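Engineer: kindly return the folded structure for what I paste below:
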Amino acid sequence: MKYIIVGLGNFGASLAEKLTSQGNEVIGIDTSMTKVDLYKEKISHTICMDTTDEFTVSGLPLKDTDVVIIAIGEDQGSNVMSTALFKNFEVKRLISRAINPLHEKVLQAIGVDEIVHPEEETAERWAKKLCLKNVVDSFELSDDFSIIEANVTAKYVGKTIKEVGFRNNFNLLVLTTIKKSEVKSKVGKTTTESKVQGVVTPDYVLQDSDILVLYGSNKDLQTFLNQKNN
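Structural biologist: Numbers count the residues shown, from 1 in each chain. Purely as a prediction, here's the structure:
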């Protein structure tokens, strides 16, 4: 896949390095030439430019890019302006970093697809979410093994855990499932609640709304998640 990451601070640079190491094409952008030079050997491409300038941004390969991530942290003004500019160019998927609740509301108003909170989320988790299909969240136990939350794909809806054969066919363990439901508060506000279903049995029938909690090697998880949905 192809990514553009704007802002090569700790989070942006780490995410760009990890995505590059996993075989993706990454364009890392920063206004600091020092940072651009620092990461030029670790990221597919690095560019020193101002992403609040419409003419400059228009020269980027936006139509060929799968995901744009605005990782600017210190300068909220540049973050918002860059986010709005990429949104105006109608990129395929736009993710931006929020510094505080007010900043997050502004990004939501702009219409970003997702919001990053680097203080709470690591670059490792985001790299996994971006590279593996249907991943909701992940927890890295070591360099080789992880626990992930993944949506049930259409091909497995209506099948039991045993029929899918997670252990025999994919060498993975289903630790549990999570169901999400819409709940209305007393004041009428709707929120989404997640409820862990406990230990699943081999006869449990998977539903479209289920989230699987899977344990296994990163290689086996990637093989399972990258299957075609048919």
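Engineer: for Asp64, give me its contacts.
Structural biologist: Neighbour list for Asp64: Lys2 [criterion: Cβ atoms under 8 Å, 6 or more residues apart in numbering]. Every C-beta, even on glycine, is put in place using the N, C-alpha and C of the backbone.
Engineer: where do the strands sit along this structure?
Structural biologist: 2-6, 25-30, 45-48, 67-70, 94-97, 114-116, 135-140, 145-151, 173-184, 190-196, 210-217 (DSSP state E).
Engineer: so which of the ones you listed is nearest Tyr204?
Structural biologist: For Tyr204, the closest of the strands of the chain is strand 173-184, at 7.2 Å, according to Cβ to Cβ.
Engineer: mean confidence for that closest one?
Structural biologist: Mean pLDDT, strand 173-184: 76.
Engineer: can you redo the strands of the chain as a markdown table with mean neighbour count and distance to Gly158?
Structural biologist: Converted to a markdown table, these look like this (neighbours: other Cβ atoms under 10 Å; distance: least, Cβ to Cβ, whole Å):
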| stretch | mean neighbour count | distance to Gly158 |
| --- | --- | --- |
| strand 2-6 | 24 | 35 |
| strand 25-30 | 24 | 38 |
| strand 45-48 | 17 | 44 |
| strand 67-70 | 26 | 32 |
| strand 94-97 | 25 | 33 |
| strand 114-116 | 17 | 29 |
| strand 135-140 | 17 | 21 |
| strand 145-151 | 19 | 15 |
| strand 173-184 | 13 | 14 |
| strand 190-196 | 10 | 21 |
| strand 210-217 | 20 | 11 |
